[in-house]
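Chemist: Fold the stuff below for me.
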Amino acid sequence: MTGVRPDIAPQAMSHSTLAGRYRQVRDMSLALAAPLTDEDCQVQSMPDASPTKWHLAHVTWFFETFILERFEPAFEPFDAAFRVLFNSYYHGIGERHPRPQRGLITRPTLAEVKRYRANVDERMAAVMAAHAGDATLHGLVTLGLHHEQQHQELLLTDIKHVLSFNPTHRPYARRWPIRIVHPEPQRWHGCEGGLFEMGHDAAHDGDFCFDNETPRHPVHVGPFELASRPVSYGEYLAFMDDGGYRRPELWLSMGWDWVQAGRREAPLYWERDGGRWRNHTLQGVVEIDPHTPVCHLSYFEADAFARWAGARLPTEAEWELAARRLAHAPAPHDNFADRGAFHPLPAATSSADEPVQMFGDVWEWTQSSYSPYPRFKPLPGAVGEYNGKFMCNQLVLRGGSCATPAGHVRAGYRNFFPPDAQWQFSGLRLARDL
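Modeler: Numbering: from 1, shown residues only. This is a model prediction of the structure:
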């Protein structure tokens, strides 16, 4: 998930601020890996997920490859083999180790990867000091930090998948701040629609954005209604109890094939315990809380639920229009991931006449295909490879999740995954036409 507009990065940021931000983000990656054993950090549980060790090395590879190699006098790589081992999708850089085989990279060890990180951090500090006024450097460092934050979220989703296969069910964390609340009733909020400017808005989203959030452009949206909160576990359980996974009329054709091929009867991580359902979380296996936003749904499941509920998924334009009209939209550096649960939390009763939980609990599927905005042009070179070339067979999600780091949630952010992806913290919010 890279490909940024470095020309609109916060170039006025001082050297001390940039260096401090660099240390903060880099330290957070190590803190997220700290509860894990060396063995945990090695495992790759499916081709779409990567080992924790690989995440820690790849984000370091990014700084070495795109910044040190360009700015450091007499550059020499920490280890020439790492250029291939920890390259992800950057064809312009050269060869890449096969993605499904990342778990087979037993060497370098985790300790060696940490030494690699420390070495690159030391060299990055020297380069940032030597080029304190260089706007290009600032833009690339900012890009690298947001890239690392994306991998922090992936680290959590991937290790959750890894630990779900461990028969001991030992938790990643032991904090469970889920609180008893009066359930937030679902209400409908009408929007008259109209013409609005869609895309990155620096005044509200902060200076940084990825290139797929641009260019800002006018969009006309018809009148619609949006549900006041995400769909809950309890509501999804009612769909299941009503035969949701046995009724082909509720599913897209590809979705029904997906259900049949996998013999699916519940979302990812659900398991029966006698007459009740429990699910795997980063806190271990817990009983389902009916008021919590349901997560780990594929697009197929989200779409089928919406059809069962007599509604639909919002378009990404509808979602962004509603999010930008919130009275309490998140600031660019609000922290959602470090609330302790790494799991969606129930909504507190809201007195505001507007939707709640649009940011930071679950990524919300939209019905919009991941396509370029009008006049979008990918950036030239390897650093701009990622976003544009994946604009095919993917659906857009909005809003961020409980695993999204601080400073990484904004109304214009476009996440995207194929319709069968479940391992992300993905849920849904209903919409319907007025």
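
Chemist: helices or strands up against the lowest-mean-pLDDT helix or strand in the chain?
Modeler: Sorting the helices and strands of the chain by mean pLDDT, DSSP states H and E puts helix 386-389 at the bottom, at a mean of 74. Helices and strands touching helix 386-389, by 3 or more CB pairs under 8 Å, 6 or more residues apart in numbering; DSSP states H and E: there are none. Every C-beta, even on glycine, is put in place using the N, C-alpha and C of the backbone.

Chemist: Which helix or strand lies directly C-terminal to that helix?
Modeler: Following helix 386-389 in sequence order, the next helix or strand is strand 395-398 (DSSP states H and E).

Chemist: Quick one: mean pLDDT over that following strand.
Modeler: In this model, strand 395-398 has a mean pLDDT of 98.

Chemist: can you map out the helices along the chain?
Modeler: Under the criterion DSSP state H, the chain contains helices at 15-33, 52-63, 69-71, 82-85, 110-130, 135-163, 202-205, 233-241, 253-262, 299-308, 316-324, 386-389.

Chemist: And those helices: which comes nearest His169?
Modeler: For His169, the closest of these is helix 135-163, at 8.0 Å, according to CB to CB.

Chemist: Now do the closest one against helix 15-33, angle only.
Modeler: If you take axes from the mean of the first three to the mean of the last three CA atoms, to 10 degrees, helix 135-163 sits at 10 degrees to helix 15-33.

Chemist: Going by neighbour count, list what's buried in helix 135-163.
Modeler: The neighbour-count check on helix 135-163 (16 or more other CB atoms under 10 Å) flags 137-163 as buried.

Chemist: can you count the residues close to Phe390?
Modeler: Residues near Phe390, counting by other CB atoms under 10 Å, number 17.

Chemist: How about the contacts made by it?
Modeler: Contacts for Phe390 (CB atoms under 8 Å, 6 or more residues apart in numbering) come out as Tyr370, Phe416.

Chemist: State the distance from it to Arg414.
Modeler: Counting by CB to CB, to the nearest Å, the separation of Phe390 from Arg414 is 11 Å.

Chemist: possible to save the helices of the chain as a markdown table with distance to His189?
Modeler: Formatted as a markdown table, the helices of the chain follow (distance: least, CB to CB, whole Å):
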| stretch | distance to His189 |
| --- | --- |
| helix 15-33 | 35 |
| helix 52-63 | 38 |
| helix 69-71 | 48 |
| helix 82-85 | 49 |
| helix 110-130 | 45 |
| helix 135-163 | 28 |
| helix 202-205 | 20 |
| helix 233-241 | 17 |
| helix 253-262 | 28 |
| helix 299-308 | 17 |
| helix 316-324 | 7 |
| helix 386-389 | 31 |
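
Chemist: To Gly103, which of those lies closest?
Modeler: Among the helices of the chain, the nearest to Gly103 by CB to CB is helix 52-63 (8.0 Å).

Chemist: Other residues contacting that closest one?
Modeler: The contact list for helix 52-63 (CB under 8 Å, 6+ apart) reads 2, 29-30, 33, 36, 40-42, 44, 50, 82-83, 85-88, 102, 105, 108, 110, 113-114, 116-117, 120, 124, 141, 144, 147-148, 151-152, 154-155, 158-159.

Chemist: Repeat the analysis, applying 6 Å as the threshold.
Modeler: Contact with helix 52-63 is made by 33, 36, 41-42, 82, 86, 88, 102, 110, 113, 116-117, 120, 124, 144, 147-148, 151, 155, 159, as judged by CB atoms under 6 Å, 6 or more residues apart in numbering.
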